[in-house]
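Enquirer: structure of the sequence below:
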Amino acid sequence: MKTIIIGGVAGGASAAARLRRLDENAEIILLEKDEYVSYANCGLPYYIGDTIVDQDSLTLQTPESLRRRLKLDVRTENEAVSINRKAHTVTVKRLDSGETYEESYDKLILAPGSSAIRPRLPGIDNERVFTLRNIPDTLRMKAYIDKYEPERAVIVGGGAIGLEMAENLFRLGIEVTVVEMLDHIIPALDIELAKVAQNYLKDRGINIILSNGVSAIEDQDGSLLVRLQDGELKADFIIMSVGVRPESALAAACGLEVDERGFIIVNDHMQTSDEDIYAVGDAVEAVNFVTGKKGRGVPLAGPANKQGRVAADNIGGIPSVYKGTQASSVVKLFKMTVAMTGLNEKGAKDSGIDYDKTYLWPESHAAYYPDATHMYMKVLFEKKTGRILGAQIVGYEGVDKRCDVLATAIRAGMTGSDLAELELCYAPPYSSAKDPVNMAGFVIQNLVAGRFRQVFWDDVEKLKEDTDLQIVDLRPIDSYMDGFIDGAVSIPLAQLRSRLEKLDKTKPILLYCNMGGNSYTASCALKQLGYNCVSLAGGYQIYEPAVSE
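Expert: Next up is the predicted model:
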C-alpha cells in the first residue's frame, strides 16, 4: 500500500505516524510545501514574546527524525500542484529548483490546512503588515521586532491568536491596540463573559476598539497610518488576525466535492467524494457534535490530530469514525484563563434546540484556603432534559479543568443531574466539597424541576418597562452602596424575613445578590409565602460587566 499525504503539520503528521504503526511495510510519502513539518502552531505567539526562547522547541519533529523514527519519506519544499484522480497520481513541484515530477498513490490524504486571511485593503501588502500562521511568518515578525524595536502595534482581530499576540507584544514593552469588527472580543464567547475579559485586558493596559474595522493602511512619516471605519491610529507595525480560510483549491481543482464556503466535504470516515482520497484538518467541513449539523471547519489542533488518526485507521483496515467536534478551546490572557466548549447562545439558537442557561460565580477552591479566586461560569442545557449543550468559563485558577469536565460531560451526553452526582477530586487547595461543576448540576436540576424561576441580565430593563417591578438587592449594605441595579431597594438576606412588610404580594419581585446563591435561597422562601418572585441568574457579578459600556 502506497499512501501520499499532502500537508505535514497536525493532521498530516498524525496520519503518517498512525499509518506507520499500523503497517510497517507501507510506503508513506509526506509532502510539505514549507520547510517545516509537525510544528507547534499554538506556541508561535509565545516565541515572539520570548516566553519560548528556543526556536527548535517549536518543531515537534523534523524531517530527519520522522525518517529515522517512523521510516517516512518526508519531502519538504515539495508542493503538490495537481491531482489526477483517474490515474491515481499527484504532480509535485520542487520549490528549490522549479522541477516537477509525478508520484503515484493507492490512497491519498489531504491535510492542506488553512491560510491567514489578508483582506483586500489599500496598503495591505506593506512589508510591516504581518500575519501569524506558520514558522516562516513567526521568524519574519520576530526578526522585525528584534531589529527595529517598534513601540506601537495594531492587531486587527480580537480572536484567540490576536489576543495571545497582544499579551506577548505588551510583555515586550510594545503599546498594543486591538481592533475588532464585532461588539466583543473572542467571537465564540457570549458578550457578557467577553466583557469580563475585555475589562481585564483594558486594566492590564491593552487598548481595545470594538465595532470598528480597518479601511486602509498608509505610510506616513515613518509610521503606518491605520484608517478605521471610524477614526484612525498610528502604528509601527500591524498584525492581521481576522481569521483563516481553507486551503482547498487543490481538492476543488481535481473535482472533489467542496461546500459553498470552500471546505472539503467528507464522511465520518474522513473520506472525500473519491473513495481513495481522505481529507483532514482545517480544510474539511466539520460536524458539530452537539447538533449533528455540518458547518465550517474548526482550525484547532485537537480535531485535526484525531481526524488524521481516523483517516489512517480506515486506510489501515480499522473501521474508525470521527463523531464531530465541540470546538473546545482555552486562551491565556496574562493571568486570566478563558475556556469554552460546545454551543454558545448563537449556536443554540441557530440549531433550534429548546435551551436554557444559567450562570455561576464560584470560587476556584475552598474559600477558607488562601488565594481562592472566582470564575464566571455559563452553562447551556436542553430545557426539557437538562442535557449539557455548552459551557464558557472566565477566571483564573481551575478554569481549564472545570471546562474539561464539562467538555467530557457533553461528549457523554450527560445532564445536570449527572453533573450533580459527579464525584470529583477534593482537597481545600484544589476545590470545594461541592465543586463548581457540581454546583452547575444542582442549579440545572432545580431549573428543570421548576423549583425556581430565573431571568437574565438582558431581561431586566424590559421587566422594568412592562411590569410594576419590585427589585430587591440581597447583598450586604456596603456592596449595595458600591453599585446596584437602578430602582433596587436594599434588604440583605439576613433581614428579609423581618422586613416582609416592604414587599407587595400583588407585584412581581426581582431578587438579586452577588452571584445568584442567596437570591435562590430567598426565592424559595418567598415563593412558599405566596410572593411572585424571580431570581437574577449570576447576580450582580454578571449583570454589572454585561451592561457596562
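
Enquirer: low-confidence ranges, the chain, go.
Expert: Counting by pLDDT under 70, the chain has no low-confidence residues at all.

Enquirer: spatially central residue in it, please.
Expert: Centroid check for the chain by C-alpha atoms, centre = their mean gives Ser329 as the closest residue, at 4.2 Å.

Enquirer: if I look at that one, how far off is Gln392?
Expert: Applying C-beta to C-beta, to the nearest Å, the value for Ser329 to Gln392 is 10 Å. Glycine gets a C-beta too; all of them are placed from N, C-alpha and C.

Enquirer: which residues are common contacts for the two?
Expert: A shared contact of Ser329 and Gln392, defined by C-beta atoms under 8 Å, 6 or more residues apart in numbering, is any residue touching both; here these are 339-340.

Enquirer: now Asp268: closest residue in space that isn't a chain neighbour?
Expert: Using C-beta to C-beta, 6 or more residues apart in numbering and skipping the chain neighbours, the partner closest in space to Asp268 is Val321 (4.2 Å).

Enquirer: Asp230 now?
Expert: Nearest non-adjacent residue to Asp230, counting by C-beta to C-beta, 6+ apart: Asn212, 5.4 Å away.

Enquirer: for Ala160, same thing?
Expert: In space, and not counting its chain neighbours, Ala160 is closest to Val331: 4.7 Å by C-beta to C-beta, 6+ apart.

Enquirer: the one you found pairs with what?
Expert: Residues in a beta bridge with Val331, per DSSP bridges, are Val338.

Enquirer: can you give me the buried ones in stretch 409-428?
Expert: Applying a neighbour-count criterion of 16 or more other C-beta atoms under 10 Å, the buried positions in stretch 409-428 are 409-411, 414-416, 418-420, 424.

Enquirer: just checking, which of those belong to helices?
Expert: 409-411, 416, 418-420 (DSSP state H).

Enquirer: which residues in the stretch 351-500 of the chain form strands?
Expert: Taking DSSP state E, counting those that start in this stretch as the criterion, the stretch 351-500 of the chain carries its strands at 355-360, 376-382, 388-395, 454-455, 470-473, 488-490.

Enquirer: tell me which of those sits most buried.
Expert: Mean neighbour counts were taken over those using mean count of other C-beta atoms under 10 Å, and the top value, a mean of 27, falls to strand 388-395.

Enquirer: strand partners of that one, parallel vs antiparallel please.
Expert: Note on strand 388-395: by DSSP bridges, its sheet partners are strand 336-342 (antiparallel), strand 376-382 (antiparallel).

Enquirer: which residues touch the first one?
Expert: So that's strand 336-342. The contact list for strand 336-342 (C-beta under 8 Å, 6+ apart) reads 186, 188-189, 193, 197, 200, 289-290, 326-331, 380, 388-396, 399-400, 402-403, 406-407, 410.

Enquirer: if we use 7 Å, what do you get?
Expert: Where contact means C-beta atoms under 7 Å, 6 or more residues apart in numbering, the residues beyond strand 336-342 that reach it are 186, 188-189, 197, 200, 290, 326, 328-331, 389-396, 399-400, 403, 406-407, 410.

Enquirer: stretch 271-283 now?
Expert: 7, 10-11, 15, 85, 88, 107-114, 244, 246-248, 251, 256-257, 263-266, 270, 297, 299, 304, 307-308, 311, 314.

Enquirer: same deal with stretch 12-19?
Expert: Contacts of stretch 12-19 from elsewhere in the structure, counted by C-beta under 7 Å, 6+ apart, are 3, 5, 26, 28, 30, 37-38, 61, 70, 72, 109, 111, 280, 305, 308-309, 311-313, 315-316.

Enquirer: sort out which of those are buried, if you could.
Expert: Using 16+ other C-beta under 10 Å, the buried members of the contacts of stretch 12-19 are 3, 5, 26, 28, 30, 37-38, 61, 70, 72, 109, 111, 280, 305, 308-309, 311-313, 315-316.

Enquirer: and the residue nearest to Asp268, how many neighbours?
Expert: As a burial measure, Val321 scores 12 neighbours (other C-beta atoms under 10 Å).
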